[in-house]
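1. Prediction below, plus the sequence it came from.
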Amino acid sequence: MAPQTPRSIALLFAAVFSLFEALAFLVFAITENFEINYLIPLIAIAVNFVISFFLLQYFLYKFIVGKIKLVYKTIHDTVK
């Protein structure tokens, strides 16, 4: 199932970004033998997910709407 809306694309990319962040935390914890409180990375991953989701959704929406307006303007100008 391919994402077809700006919301689903933003959700997919936000999930991928958060997964990479989780893997980075895990690799850091394993390689440094660093005992960390797992609540802090979970909160950071959740915050990263929410922020990246809303930013991606906003910019995708603006990009798509801008392209659609340009197409409509071009069509309107050629019809005259």
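-> Now that the structure is in, tell me what you want to look at. Residues are numbered from 1 along each chain as shown.
2. Please make it C-alpha for all contacts and neighbour counts, starting now.
-> Fine.
3. now the spatially most central residue of the chain, what's its secondary structure?
-> Closest to where the C-alpha atoms of the chain average out (Cα atoms, centre = their mean) is Ala14, at 3.4 Å. Recorded secondary structure, Ala14: helix (DSSP: H, G, I helix; E, B strand; the rest coil).
4. for it, what are its contacts?
-> Counting by Cα atoms under 8 Å, 6 or more residues apart in numbering, Ala14 makes contact with 48-50, 52-53, 56.
5. redo that, cut-off 7 Å
-> Applying Cα atoms under 7 Å, 6 or more residues apart in numbering to Ala14 gives the contacts 49, 52-53.
6. What average pLDDT does the helix or strand hosting Leu23 get?
-> Taking DSSP states H and E as the criterion, Leu23 maps to helix 6-31. For helix 6-31, mean pLDDT is 90.
7. Name the residues of it that are buried.
-> Judged by neighbour count (16 or more other Cα atoms under 10 Å), helix 6-31 contains these buried residues: 6-7, 9-11, 13-15, 17-18, 21-22, 25.
8. So which of those is the closest to Leu60?
-> Of all the buried residues of helix 6-31, Leu60 sits closest to Pro6, with 5.8 Å by Cα to Cα.
9. Can you name every helix or strand that the longest helix seen in the chain contacts?
-> Ranked by residue count, the top helix of the chain under DSSP state H comes out as helix 39-79. For helix 39-79, the packing partners by 3 or more Cα pairs under 7 Å, 6 or more residues apart in numbering; DSSP states H and E come out as helix 6-31.
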